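In: Just the structure for this:
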Amino acid sequence: MGRSPCCDKVGLKKGPWTPEEDQKLLAYIEEHGHGSWRALPSKAGLQRCGKSCRLRWTNYLRPDIKRGKFSLQEEQTIIQLHALLGNRFGITLIPYYNKVIH
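Out: All right, here's what the predicted structure looks like:
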């Protein structure tokens with residue numbers, strides 16, 4: 001059967017997010033929280049699907065995201081955890097889940 005689609009894709013914007021869209025998403029989440037990602041776009045006045053809003057928030061807009069290079073301390077901790085746990089990076093990198101690596 002398969003999974004139902006995340007949204008009705010008719011009339012939705014695709015491609016890069018504009019600063020105005022980012023601001024709308026940030027303002028809405030700041031005031032109301034994210035709650036239901038499916039309902040959020042229409043309530044926030046965005047022409048995006050809920051999944052797109054969730055991914056934008058999770059990967060780019062969350063205020064607790066750390067950006068940039070790992071500090072020397074973080075690097076040493078990762079090396080120590082790798083020596084202990086091997087290539088099970090799902091476990092190894094748990095302390096750094098807020099760090100966005102691109």
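
In: since we're on residue 81, how many residues are nearby?
Out: Neighbour count for residue 81, taken as other Cβ atoms under 10 Å: 18. Backbone N, C-alpha and C define where each C-beta goes, glycine included.

In: and what of residue 39?
Out: Residue 39: 11 neighbours (other Cβ under 10 Å).

In: So the residue nearest to it when sequence neighbours are not counted versus residue 33, what's the distance?
Out: Distances taken as Cβ to Cβ, 6 or more residues apart in numbering place residue 50 nearest to residue 39, at 7.3 Å, with adjacent residues excluded. With distances taken as Cβ to Cβ, to the nearest Å, residue 50 is found 14 Å from residue 33.

In: More neighbours: these two, which one.
Out: Set residue 50 next to residue 33 and count neighbours by other Cβ under 10 Å: residue 50 wins out with 18 against 8.

In: Let me know the pLDDT of the more buried one.
Out: On pLDDT, residue 50 comes in at 94.

In: isn't residue 25 right next to residue 45, touching?
Out: No - using Cβ atoms under 8 Å, residue 25 is not in contact with residue 45; the gap is 9.7 Å.

In: and residue 36, how many residues sit next to it?
Out: Neighbours around residue 36, by other Cβ under 10 Å: 8.
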